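Trainee: sequence? don't have it. structure:
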């Protein structure tokens, strides 16, 4: 035990204190001095990121904007001494909770459509249908697996058979508010209850569309910075 303690003390004697980037580090033959990394600035809009870069608030060297996804964009530094990139600013979109591929009663479905989707002709058509659909005993629903037919109000008190529109093109809020929301095809289905649901029908192509729109927005807003070489954008 005494020998081990002496070896430990001797090891401490070989250490020295160095200052790196304003921080103090203890070094030794088996230890490595890591360059300090920044804490990413968190924002929720692309416009905030643009302002940060235009002002070059932290007087940083050329930076890389990485469009990671439709909801995540990061500004990265060049390699530091440890061959790592610092995340200078991270934009994360704030989004509503939208229920897809799950049936809900038409009242909640109506509220979700109005609160979480951009106004459009298809949205108006679906809202009109779910607002007037009425379940009756007997043959209310007709379904061949692709097209559905339901009984809905056609006037103050009259009812008629109407075709449920499919597919429908809708624009839910699923990316940054700074850009146009991507349009996506949905399969609209009704069940007894009545209840309704939306099922994505574009294989996720809307995500690529959103990322392309983010890159286009940043190029437009940071044109001078891109031209000067201060900013590089990848998606």
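Mentor: Yes, it's here. A quick note: this is a predicted structure, and the numbers were derived from the prediction, not measured.
Trainee: Determine the set of other helices and strands touching the longest helix seen in the chain.
Mentor: Secondary structure assigned by DSSP state H gives helix 205-221 as the longest helix of the chain. Where contact means 3 or more C-beta pairs under 8 Å, 6 or more residues apart in numbering; DSSP states H and E, helix 205-221 is packed against helix 46-55, strand 63-69, strand 231-234. The C-beta positions use only the backbone N, C-alpha and C, and glycine is treated the same way.
Trainee: So which other helices or strands are in contact with the first one?
Mentor: Applying 3+ C-beta pairs under 8 Å, 6+ apart, one finds that helix 46-55 contacts strand 41-43, strand 63-69, strand 72-76, strand 87-92, helix 205-221.
Trainee: Take these and lay them out in TSV including distance to residue 172 and mean neighbour count.
Mentor: Below are those laid out as TSV (distance: least, C-beta to C-beta, whole Å; neighbours: other C-beta atoms under 10 Å):
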stretch	distance to residue 172	mean neighbour count
strand 41-43	22	14
strand 63-69	16	19
strand 72-76	18	20
strand 87-92	18	20
helix 205-221	9	18
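Trainee: would you turn the ones you listed into CSV with mean pLDDT and distance to residue 132?
Mentor: Putting the helices and strands packed on helix 46-55 into CSV (pLDDT from 0 to 100; distance: least, C-beta to C-beta, whole Å) gives the following:
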stretch, mean pLDDT, distance to residue 132
strand 41-43, 95, 43
strand 63-69, 97, 38
strand 72-76, 97, 40
strand 87-92, 96, 39
helix 205-221, 97, 29
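Trainee: closest to residue 129 out of the ones you listed?
Mentor: With C-beta to C-beta, the closest approach to residue 129 among the helices and strands packed on helix 46-55 belongs to helix 205-221: 23.1 Å.
Trainee: next one: the closest one to chain centre, how far?
Mentor: Here the centre of helix 205-221 is set off from its chain's centre by 12 Å, with C-alpha atoms, centre = their mean, to the nearest Å.
Trainee: possible to save the helices and strands packed on helix 46-55 as JSON lines with distance to residue 118?
Mentor: Formatted as JSON lines, the helices and strands packed on helix 46-55 follow (distance: least, C-beta to C-beta, whole Å):
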{"stretch": "strand 41-43", "distance to residue 118": "23"}
{"stretch": "strand 63-69", "distance to residue 118": "20"}
{"stretch": "strand 72-76", "distance to residue 118": "21"}
{"stretch": "strand 87-92", "distance to residue 118": "21"}
{"stretch": "helix 205-221", "distance to residue 118": "13"}
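Trainee: Tell me who's in contact with residue 214.
Mentor: When contacts are counted by C-beta atoms under 8 Å, 6 or more residues apart in numbering, residue 214 touches 46, 67, 70, 73, 175, 176, 179, 235.
Trainee: contacting residues around residue 77?
Mentor: Contacts for residue 77 (C-beta under 8 Å, 6+ apart) come out as 38, 60, 61, 63, 64, 85, 86, 88.
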